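A.B. asks: Okay, here's the prediction I keep looking at, along with the sequence it came from:
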Amino acid sequence: MARKKRYRRLIYCLLALDLLVMGYLGYRYLDRKIPQELHLVEGEEEKVERLFDSFWIKSEASIPASQGGSYTIQCSLFGVIPFKDVKVTTGSRENLWVSGEPVGLYMETQGVLIIDTGEIVGKDGTSYDPAKNIAQAGDYIVAFNDQRVTSKKELVEDIACCQGETATLSVIRHGEEIPICLEPVMGEDGCYKLGIWVRDNTQGIGTLTYVRENGDFGALGHGISDVDTGELLHIQDGALYQTEILGIQKGSKGSPGELSGIIRYQDSNRVGKISKNCSNGIYG
């Protein structure tokens, strides 16, 4: 009798374990089947109905895609247990021209980007580091003593005019504009410096991904980051230009490919305006 009881308990334990595994695998399957976000065009509301046409998954009454905009559908298991909220975004159908054409890129940063700080050998032969622990790589200088700054040239002129007096710089750091104070140091060459390395533009060659009917485009498929800071560049202005490809280096695992060529920055070669740089690419 004792052996039968132990055998029975073992069977019950194995059965309970099977049910737990089946429940977990079923949950994982449904979690993969039901997306977090669903994009539809007008007239495709039957996709929403098919997605939730299941004995296991129940949902509230859906809103027809023809209404446009976005809304959320709350899903539940057997209509009782909350499972997942699905965001449904609807819009009109449009045509895109798929490209892949090489283009030249030129972008100006939003302000002057600080890429690093460093020491300066002063007129007296002493080393100074006026920006240490004050300015940071990735800061964007947008004003100098309350005067807006848009380029390296303007920044250099403003530093020269202050004649060594402490200057207040407005910088954008992590999306917030803050003031920092730096005291210029006269270098060996007789020019005042702040001990910062800066950049105000970037250029290169990439590929055009698509063009919409209205002329809007997307390119690259990835954002443009600064080579020194690794941060995504905040751009103020930019343009696409025709380019002549001279060489192609094929990409491999762990090593991205590369296009090399010539960009002629003339108005006659300009083909588009860049207005946005984000993690998915550039747009304009």
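C.D. replies: Structure received. Since the model is a prediction, treat every value here as computed from it, not as a measurement.
A.B. asks: any idea where the helices of the stretch 51-200 of the chain begin and end?
C.D. replies: 152-161 (DSSP state H, counting those that start in this stretch).
A.B. asks: Low-confidence ranges, it, go.
C.D. replies: 51-69, 78-80 (pLDDT under 70).
A.B. asks: rerun at 50
C.D. replies: Along the stretch 51-200 of the chain, segments meeting pLDDT under 50 span 65-66.
A.B. asks: Could I get the full set of strands for it?
C.D. replies: Remark: strands assigned in the stretch 51-200 of the chain by DSSP state E, counting those that start in this stretch are 57-59, 69-77, 81-91, 96-98, 102-117, 120-121, 127-128, 140-144, 147-148, 167-173, 176-182, 185-186, 192-193, 196-212.
A.B. asks: which one is Gln266 nearest to, not counting chain neighbours?
C.D. replies: Tyr241 (8.0 Å; CB to CB, 6 or more residues apart in numbering). Using the backbone N, CA and C atoms, a C-beta is placed for each residue, glycine as well.
A.B. asks: Val185 - how many residues pack around it?
C.D. replies: Residues near Val185, counting by other CB atoms under 10 Å, number 23.
A.B. asks: Read off the pLDDT value for the closest residue to Asn95 other than its chain neighbours.
C.D. replies: Closest residue in space to Asn95, ignoring its immediate chain neighbours: Glu213 at 5.7 Å, by CB to CB, 6+ apart. Glu213 carries a pLDDT value of 85.
A.B. asks: Tell me how far Glu213 lies from Val88.
C.D. replies: From Glu213 across to Val88, the span is 25 Å (CB to CB, to the nearest Å).
A.B. asks: Neighbour count: the two, which is higher?
C.D. replies: Of the pair Glu213 and Val88, Val88 is the one with more neighbours under other CB under 10 Å, namely 21 against 9.
A.B. asks: how much space between the more buried one and Ser279?
C.D. replies: 23 Å.
A.B. asks: Also Gln110?
C.D. replies: With distances taken as CB to CB, Gln110 is found 17 Å from Ser279.
A.B. asks: got it, and Tyr241?
C.D. replies: Using CB to CB, we find Tyr241 at a distance of 23 Å from Ser279.
A.B. asks: Next: Ser92.
C.D. replies: 26 Å.
A.B. asks: can you check Pro184 too?
C.D. replies: 36 Å.
A.B. asks: again with Ile141
C.D. replies: Going from Ile141 to Ser279 by CB to CB gives 24 Å.
A.B. asks: Looking at the two, which one has more neighbours?
C.D. replies: Set Ile141 next to Ser279 and count neighbours by other CB under 10 Å: Ile141 wins out with 26 against 8.
A.B. asks: Pull the number of nearby residues for the residue nearest to the more buried one when sequence neighbours are not counted.
C.D. replies: Leaving aside its chain neighbours, Ile141 sits nearest to Val112 (4.4 Å; criterion: CB to CB, 6+ apart). When neighbours are defined as other CB under 10 Å, Val112 has 27 of them.
A.B. asks: Going forward, the N-terminal residue is numbered 16.
C.D. replies: All right, first residue 16 from here; so that's Val127.
A.B. asks: Lys168 is in contact with Val127, correct?
C.D. replies: No. The pair Val127 / Lys168 is not scored as a contact, 9.7 Å apart, by CB atoms under 8 Å.
A.B. asks: As a markdown table, the strands of the stretch 66-215 of the chain with distance to Tyr44 would be great.
C.D. replies: Formatted as a markdown table, those follow (distance: least, CB to CB, whole Å):
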| stretch | distance to Tyr44 |
| --- | --- |
| strand 72-74 | 11 |
| strand 84-92 | 12 |
| strand 96-106 | 12 |
| strand 111-113 | 33 |
| strand 117-132 | 43 |
| strand 135-136 | 63 |
| strand 142-143 | 64 |
| strand 155-159 | 47 |
| strand 162-163 | 57 |
| strand 182-188 | 45 |
| strand 191-197 | 44 |
| strand 200-201 | 65 |
| strand 207-208 | 63 |
| strand 211-227 | 34 |
